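Participant: only geometry, no sequence info:
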C-alpha cells in the first residue's frame, strides 16, 4: 500500500467515525475500531516485541462457535489482547475472539469501554450462552484475577478454576471447548509484591509491584520483551456430555480435565522455549 | 352508547393521544374512553373515583394504562410524579378488580425495570434474573407499578394482563426524555463510559400497544401472571455514536460532577439516569416478534429516522 493509499484509508476511518457511520453489535462490539485502530496499535507488540508464535491454529474452527479456555497471567491482561490479535491475524478465517471479562473490567472507566468495543462482555451465563449459540468464538480465563495477579514465583502454575461456569455454558450450547496455553505473558511484568492497602484505596483487585514498577514511574510500565508461544489444544466435544449440563460433578471433572490439559501444554511449551528472553 | 369500550389512561400525553386516535379509527373498537393522567387521582362528585365512574358508565372491557411517566422535571415535583405513577396505578387496578366488565389490561412499563448495572447481562430477556438491585426513583416507580400489576393478575386470573416494557421513546414530534437529551447543545456523557443505548420509534410503540389492545383473546384457560414483553428497536447504538449521528457534541464529564448537576435544563441526571449513562441497557425483543408478529424498526434506523436530519448544520 502506498503512503497515499494508507493516508486515504486513515482519513476515511476518521471521517466515518466522526459522522457516527459505523456498525456495532448488540454487545457493543465495534468491528472497524478493533480491526483498523486497535489491531495496528497492538501488532508491533505482537510481532516485534513479544515475537508471538501460534501453534495448533487448525484446532480452531473456521466457522461456528467454540469456547477457548486459557491460562491467565502478566499483571494486566496483555495475554487476552495477544490471543485476540493472533486469532485475527494468523487464523486463516480471521476470527474475532469475544472475551468474557470480570465485573471489575466493566466498572472501570475507559477499560470497560475498550473491552466492550473490542468484543468483550461480562462473564455471566446468559451472555456466554447468547454468544455461543449465535456462532461466536468465545474466550475465557477461568483463573481470573487469581491468575493475572499471582507473584512471579508461582508462574505457570494454574490457579483454581472457579465454579466451572464456562463448562456449563459450553455444554448447554453444544460448543466445543478448546484449551489454549499461553507462555511468555508471565515474564512481562514479574510481580514480586502486592500493596494491598493501596489496592483497596484505588478499588483494584491487587496493586502489582515488579522490579521496575512503580519505582521507575511510567518507564516501569514498559513490559519486558519475553518470547511468547500460544498453543491451541484439540477441541473437546461437549455434545456427548450434553445430558450432564446440570450435574455439578461432571462439570467439575470436565473443568479439571481442561485445566490439566492446559497445564500439560504449558510444560511442553516451556521446555521447547528454553530461556524466557531468547529471540 | 352501547357495546364494549376501551379506556386509555394518560391520553393527555403524546403517546396516549396517538393511541386513542388509532383505536377510535379501528372498527373492532366500539368506543374509546380517555382519561388524563391526573384523572387517576381525581374523585368524582358522588364519592366514587373518576376512573370508577368511567369504567362503570361505559362498561369498559379493555384498560390501557399509559400514565406511568419518567420525567420529574417536566411534571412537577418528584413526590407528585411518584403519587401519579404508583398510587395512580394502584387505584386504577383496584377499580379494575372491582369491575365486572374488565377482561383485559395492558400496562405500559419501561425498560428501566431492568435497571442498569455492570453486574447484569449485556442483553435483557423477559426472564433475566437480575444480579444487581435496580436503584433510582423512576426505576422504583416502575418496579412498584409492575408489582401491583402482578398482584392484580393473581387476583383476577380471568383478566388478560400484559406488561409491555418499552425502550426509551423517540419520534419526530414527540417530546421525550431522549429527544430533550439530544436537543442539548452539548450532550453530557460520563467520562470513560460509552453505554449501549436502545430506542423505540414512537410509531412502533403505537403499533404494539394497538395490537396488544385489540388482538384476539388467548384461548388458554388458567394464567399465572401477566404476560411480559420487551418492546424496543432491535440492536443498540453506543451513546457516542448516537450523539455524532444527531450532529451533536459529546461532553464527557467525570461522574461525581454529573452527580452534582442533577438536572440540566429539562434533562434530569438522577441516579437511574446516571447508571444508564454509564452502563446502558439493551433488551432482547424476540418474544415480541414471536407473539405479535411485529418487529420494531431497529434502533439504529429509528434513530436516523428521527435525528438523522440534524447532521447538516
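Facilitator: Cool, the structure landed. Note that this is a predicted model, so its numbers are computed, not measured.
Participant: quick one: contacts for the residue in the stretch 151-300 of chain B positioned nearest to chain A?
Facilitator: Residue nearest to chain A within the stretch 151-300 of chain B (Cβ to the nearest Cβ): residue B:192, separated by 2.4 Å. Using the backbone N, CA and C atoms, a C-beta is placed for each residue, glycine as well. Neighbouring residues of residue B:192 by Cβ atoms under 8 Å, 6 or more residues apart in numbering or on different chains: A:108, A:109, A:110, A:112, A:113, B:252.
Participant: which parts of the stretch 151-300 of chain B sit against chain A?
Facilitator: Residues of the stretch 151-300 of chain B lying close to chain A (Cβ under 8 Å from any Cβ of the partner chain) are B:190-194, B:196, B:234-238, B:240-245, B:255, B:279-280, B:282, B:300.
Participant: what helices or strands is the helix or strand hosting residue B:82 leaning on?
Facilitator: Assessed by DSSP states H and E, residue B:82 sits inside helix B:78-82. With contacts taken as 3 or more Cβ pairs under 8 Å, 6 or more residues apart in numbering or on different chains; DSSP states H and E, helix B:78-82 sits against helix B:137-155.
Participant: and for residue A:259, the neighbour number?
Facilitator: Residue A:259 has 20 neighbours, counted by other Cβ atoms under 10 Å in any protein chain shown.
Participant: any idea how far the helix or strand where it lies is from the chain center?
Facilitator: Taking DSSP H and E as the definition, residue A:259 sits inside helix A:248-273. Computed by Cα atoms, centre = their mean, to the nearest Å, the chain-centroid distance of helix A:248-273 equals 17 Å.
Participant: now that helix: buried residues?
Facilitator: For helix A:248-273, a neighbour-count test (16 or more other Cβ atoms under 10 Å in any protein chain shown) marks A:250-251, A:254-255, A:258-259, A:261-262, A:265-266, A:269-270, A:273 as buried.
Participant: same question, stretch A:220-235
Facilitator: A:223, A:224, A:225, A:226, A:227, A:228, A:229, A:230, A:231, A:232, A:233, A:235.
Participant: before we move on, what about stretch A:98-107?
Facilitator: A:98, A:99, A:100, A:101, A:102, A:103, A:105, A:106, A:107.
Participant: without its sequence neighbours, what residue ends up closest to the residue of the stretch 1-150 of chain A found nearest chain B?
Facilitator: In the stretch 1-150 of chain A, the residue that lies nearest chain B is residue A:109 (2.4 Å; Cβ to the nearest Cβ). Computed as Cβ to Cβ, 6 or more residues apart in numbering or on different chains, the closest residue to residue A:109 that is not its neighbour in sequence is residue B:192, at 2.4 Å.
Participant: tell me where the stretch 51-200 of chain A has helices.
Facilitator: A:78-90, A:103-107, A:111-117, A:125-132, A:145-148, A:165-173, A:196-202 (DSSP state H, counting those that start in this stretch).
Participant: what's the answer for chain B, then?
Facilitator: Counting by DSSP state H, chain B has helices at residues B:14-24, B:50-57, B:78-82, B:88-98, B:137-155, B:177-183, B:202-214, B:239-245, B:255-261, B:271-279, B:286-292, B:299-307.
Participant: counting contacts, what elements does the first one pack onto?
Facilitator: Counting contacts by 3+ Cβ pairs under 8 Å, 6+ apart, helix B:14-24 packs against strand B:5-9, strand B:31-35, helix B:202-214.
Participant: near chain B, which residues of the stretch 101-250 of chain A?
Facilitator: For the stretch 101-250 of chain A, the contact set with chain B under Cβ under 8 Å from any Cβ comprises A:103, A:106-110, A:112-113, A:116-117, A:121-122, A:124, A:126-127, A:130.
Participant: so for the closest residue in space to residue B:4 that isn't next to it in sequence, what's the pLDDT?
Facilitator: With sequence-adjacent residues excluded and distances taken as Cβ to Cβ, 6+ apart, residue B:4 is closest to residue B:61, at 4.3 Å. With respect to pLDDT, residue B:61 has a value of 93.
Participant: just residue B:145 next, same as before
Facilitator: For residue B:145, pLDDT reads 94.
Participant: go ahead and confirm it touches residue B:108.
Facilitator: No - under the criterion of Cβ atoms under 8 Å, residue B:145 is not in contact with residue B:108, lying 9.6 Å apart.
Participant: hey, what's in contact with both of these two?
Facilitator: Here residue B:145 and residue B:108 share the contacting residues residue B:68, scored by Cβ under 8 Å, 6+ apart.
Participant: before we move on, the earlier item: I'd like the buried residues of helix A:248-273 as TSV, with pLDDT appended.
Facilitator: As requested, the buried residues of helix A:248-273 are exported to TSV (pLDDT from 0 to 100):
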residue	pLDDT
A:250	89
A:251	91
A:254	92
A:255	93
A:258	95
A:259	95
A:261	96
A:262	96
A:265	96
A:266	96
A:269	94
A:270	94
A:273	90
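Participant: and the residues you listed, which is closest to chain B?
Facilitator: residue A:251 (19.6 Å).
Participant: contacts only, for residue A:113.
Facilitator: B:192, B:193, B:194 are the contacts of residue A:113 under Cβ under 8 Å, 6+ apart.
Participant: so the last one makes contact with residue B:243?
Facilitator: So the one you mean is residue B:194. No - taking contacts as Cβ under 8 Å, residue B:194 lies outside contact range of residue B:243: 9.9 Å.
Participant: burial check on residue A:131, number of neighbours?
Facilitator: For residue A:131, using other Cβ under 10 Å, the count is 26.
Participant: quick one: it from residue A:67, how far?
Facilitator: Distance, residue A:131 to residue A:67, using Cβ to Cβ, to the nearest Å: 9 Å.
Participant: find the residues that touch each one of these two.
Facilitator: residue A:138.
Participant: ok, residue A:173 - contacts?
Facilitator: A:65, A:129, A:132, A:133.
Participant: farthest pair within the residues you listed?
Facilitator: Longest distance between any two of the contacts of residue A:173 is 10.1 Å, between A:65 and A:129; criterion Cβ to Cβ.
Participant: on that earlier part again, closest one to residue B:54 among the helices of the stretch 51-200 of chain A?
Facilitator: The nearest among the helices of the stretch 51-200 of chain A, by Cβ to Cβ, is helix A:125-132 at 42.2 Å.
Participant: low-confidence stretches in chain B?
Facilitator: Scanning chain B with the threshold set as pLDDT under 70 gives B:1-3, B:44-47, B:70-76, B:218-225, B:262-268, B:309-313.
Participant: can you count the residues close to the closest residue to residue A:171 other than its chain neighbours?
Facilitator: Using Cβ to Cβ, 6+ apart and skipping residues adjacent in sequence, the residue nearest residue A:171 is residue A:245, 4.0 Å away. Look at residue A:245: counted by other Cβ under 10 Å, it has 17 neighbours.
Participant: also residue A:237?
Facilitator: Residues lying near residue A:237 (other Cβ under 10 Å) number 12.
Participant: hmm, back to that, if I look at the residue nearest to residue A:171, how far off is residue B:138?
Facilitator: 38 Å.
Participant: what sits against residue 185?
Facilitator: No chain in the question, so chain A it is. A:73, A:74, A:78, A:79, A:82, A:226, A:228.
Participant: my question was about chain B, not that one.
Facilitator: B:248, B:249.
Participant: and it, how far is that from residue B:274?
Facilitator: In terms of Cβ to Cβ, residue B:185 sits 20 Å off from residue B:274.
Participant: wait, residue A:226 touches residue A:182, no?
Facilitator: No - using Cβ under 8 Å, residue A:226 makes no contact with residue A:182, being 11.1 Å away.
Participant: the nearest residue to residue B:146 once chain neighbours are set aside: neighbour count?
Facilitator: Nearest residue to residue B:146, sequence neighbours excluded (Cβ to Cβ, 6+ apart): residue B:109, at 5.5 Å. Close neighbours of residue B:109, defined as other Cβ under 10 Å, add up to 24.
Participant: great, nothing more from me.
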